[in-house]
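Novice: Next one to model:
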Amino acid sequence: MDSSFFNFLLIAGAVQGFIFNGFTLFSKKKVDKVIIFLNLTVFFLSLNNLQAWLIIKGFRFDPFFLKQFLVPWYMFIMPMFYMFLIHYLKIENKVRGFLNFAIVLFLLELIMRSIFILNASETDVSSIKMYTTIEEIANAAFSIFLFYRCLQIVFKESKLLDFIVNYDDIKWLKIFLILGGFVLGFWVLAIVLNTYFSIARAYYPLRLATSVLLYWIGYQGTSRYTLLHDRIMLRGKLAALKPETTEKVVKETENNLSEKHQQEFETIANYIISEQRFLDAKLSLEQLSEELEISAGHLSKLINNCSEYNFSDYINSLRVAQAKALLKDDDFDNYTIVAIGLECGFNSRSTFYTAFKKFTDLTPSEYRKTH
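Specialist: Predicted structure coming up:
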């Protein structure tokens, strides 16, 4: 592939990153540490790509010192992602942070590069090239170490994730880390090829893969965090709601239904609503029957006869009723529709929209607009 194409992707990616930073940081959404560290991850990648593009295009300062003074912006990429990860997972107080070390290392590298440049001549820059190689190897080692820590946290230290798994299955983070491992492999390969064989183009695939991967984590992380934040806030508000705020969906019963069964069903319905069991996305007929200490068959028959719904539809009807109450409440206007659906007990956007349409003949978006 032509090098000019890679150069175009390099600057296009940098510009896209800066646009992403501006759009995210100046949006109406609250910006906290999670969003800041995510944006800094993309920002330093964009700075690094911009600097690389300027060098390739020959846009460099004339003074010898400034011409040789390359800023290792890339060394902040993994530290910022690491900080994003531990804040996103709400474990920043349980694991060690490495940001201060990264800042010290960055400043030390700037000082060391300045010393090498001042002691070099314009006709012999071999010492500067040697230092650049050593610097990159050191930064790669530090990045690989932080990447390994990220892998440990996400894949091995499951006890740290007890809080977050209630809101996010973090599969997207696991996929990102797996793909990130391949990108780090490209980086090591590029260092080897450039150091021993002087193949500078070995960095083109690395820059392309890194740009695509990190811009993906930028957009994915922002949308996921917005959803996560909304769900945490919603759950707190839902826990404080009175059970009566949930519409109790019960069909007219048949005349020949025994009073005993009717009362038994009322007891079951009151339990489901008062304990907000329908908000549990993993609630099953078997689990509910164990909680109520009745057989699953008898429970299913009671729900079928008294509500004229099967178990799944009856629970979904309660979830839809709760979602309707939230969608038409002005206090919940700032929360996303998907977050509302998930916190009302649905396990995905698609199941929420399907069930809502089934019980209301409207999509959640249409319902919110009309109410």
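Novice: Got the phi and psi for Ser121?
Specialist: phi -110, psi 160 (degrees, to the nearest 10).
Novice: ok, it to Phe64 distance?
Specialist: Distance from Ser121 to Phe64, counting by C-beta to C-beta, to the nearest Å: 9 Å. Just so you know, the C-beta spots here come from the backbone N, C-alpha and C atoms, and that holds for glycine as well.
Novice: So for stretch 57-68, what gets flagged as buried?
Specialist: The neighbour-count check on stretch 57-68 (16 or more other C-beta atoms under 10 Å) flags Gln68 as buried.
Novice: Output the longest helix belonging to this structure.
Specialist: Ranked by number of residues, the top helix in the chain under DSSP state H is helix 203-240.
Novice: coming back round to it: any residues in contact with both of Ser121 and Phe64?
Specialist: Applying C-beta atoms under 8 Å, 6 or more residues apart in numbering, one finds that no residue jointly contacts Ser121 and Phe64.
Novice: remind me which residues of the stretch 151-300 of the chain are low pLDDT?
Specialist: 241-258 (pLDDT under 70).
Novice: about what we covered before: the longest helix of the chain: how far from the chain's middle?
Specialist: Helix 203-240 sits 3 Å away from the centroid of its parent chain (C-alpha atoms, centre = their mean, to the nearest Å).
Novice: and the next element down the chain from that helix?
Specialist: Scanning forward in sequence from helix 203-240 by DSSP states H and E, the next helix or strand is helix 259-274.
Novice: could you give the mean pLDDT of stretch 327-341?
Specialist: When pLDDT is averaged over stretch 327-341, the result is 92.
Novice: do stretch 104-123 as well
Specialist: 95.
Novice: Check stretch 304-312 too.
Specialist: Stretch 304-312 comes out at a mean pLDDT of 89.
Novice: Can you read off the pLDDT for Met1?
Specialist: pLDDT, read off for Met1, is 54.
Novice: which one is Phe265 nearest to, not counting chain neighbours?
Specialist: Cys306 (3.9 Å; C-beta to C-beta, 6 or more residues apart in numbering).
Novice: Mind telling me what element the one you found is part of?
Specialist: Per DSSP H and E: helix 296-307 holds Cys306.
Novice: Check which helices and strands the next helix or strand after that helix sits against.
Specialist: Towards the C-terminus, the helix or strand next in line after helix 296-307, according to DSSP H and E, is helix 311-327. Helices and strands touching helix 311-327, as assessed by 3 or more C-beta pairs under 8 Å, 6 or more residues apart in numbering; DSSP states H and E, comprise helix 259-274, helix 296-307, helix 337-343, helix 349-360, helix 364-370.
Novice: thinking again about what came up before, what is the longest helix of the chain packed up against?
Specialist: Counting by 3+ C-beta pairs under 8 Å, 6+ apart, helix 203-240 packs on helix 3-25, helix 33-56, helix 77-88, helix 171-197, helix 337-343.
Novice: tell me the mean pLDDT for stretch 350-359?
Specialist: On average, stretch 350-359 scores 96.
Novice: Pull out the buried positions in it.
Specialist: Thr351, Phe352, Tyr353, Ala355, Phe356, Phe359.
Novice: Residues contacting that stretch, please?
Specialist: By C-beta under 8 Å, 6+ apart, stretch 350-359 touches 316-317, 319-320, 323, 338, 341-342, 344, 346, 362-364, 367.
Novice: Quick check: the farthest pair among these?
Specialist: Ser317 and Val338 (19.7 Å; C-beta to C-beta).
Novice: pretty sure Phe106 contacts Pro72?
Specialist: Yes. Applying C-beta atoms under 8 Å, one finds Phe106 in contact with Pro72, separated by 6.9 Å.
Novice: quick one on the thing from earlier: between helix 259-274 and the helix holding Cys306, find me the angle.
Specialist: 90 degrees (axes from the mean of the first three to the mean of the last three C-alpha atoms, to 10 degrees).
Novice: list the helices and strands helix 296-307 packs on?
Specialist: Using 3+ C-beta pairs under 8 Å, 6+ apart, helix 296-307 is in contact with helix 259-274, helix 285-292, helix 311-327.
Novice: per the record, what domains does the chain have?
Specialist: The chain breaks down by automatic domain parsing into domains covering 3-233, 241-370.
Novice: tell me, what residue is most central in the chain?
Specialist: In the chain, the residue lying closest to the centroid (C-alpha atoms, centre = their mean) is Gly221, at 3.3 Å.
Novice: Let me know the secondary structure of Lys90.
Specialist: On the three-state scheme (DSSP: H, G, I helix; E, B strand; the rest coil), Lys90 is labelled coil.
Novice: Can you give me the neighbour number for it?
Specialist: Using other C-beta atoms under 10 Å, the number of residues around Lys90 comes to 17.
Novice: ok, now Ser143?
Specialist: Around Ser143 there are 22 other residues, counting by other C-beta under 10 Å.
Novice: My guess is it contacts Phe81. True?
Specialist: No. The criterion here is C-beta under 8 Å, and Ser143 misses it with Phe81 at 9.4 Å.
Novice: How much space separates the nearest residue to His261 once chain neighbours are set aside from Asp124?
Specialist: Leaving aside its chain neighbours, His261 sits nearest to Leu302 (6.2 Å; criterion: C-beta to C-beta, 6+ apart). Look at Leu302 and Asp124: by C-beta to C-beta, they are 89 Å apart.
Novice: between the two, who's got more neighbours?
Specialist: The neighbour comparison of Leu302 against Asp124 (other C-beta under 10 Å) goes to Leu302, with 21 against 9.
Novice: Contact partners for the more buried one?
Specialist: Going by C-beta under 8 Å, 6+ apart, the list of residues near Leu302 reads His261, Glu264, Phe265, Ile268.
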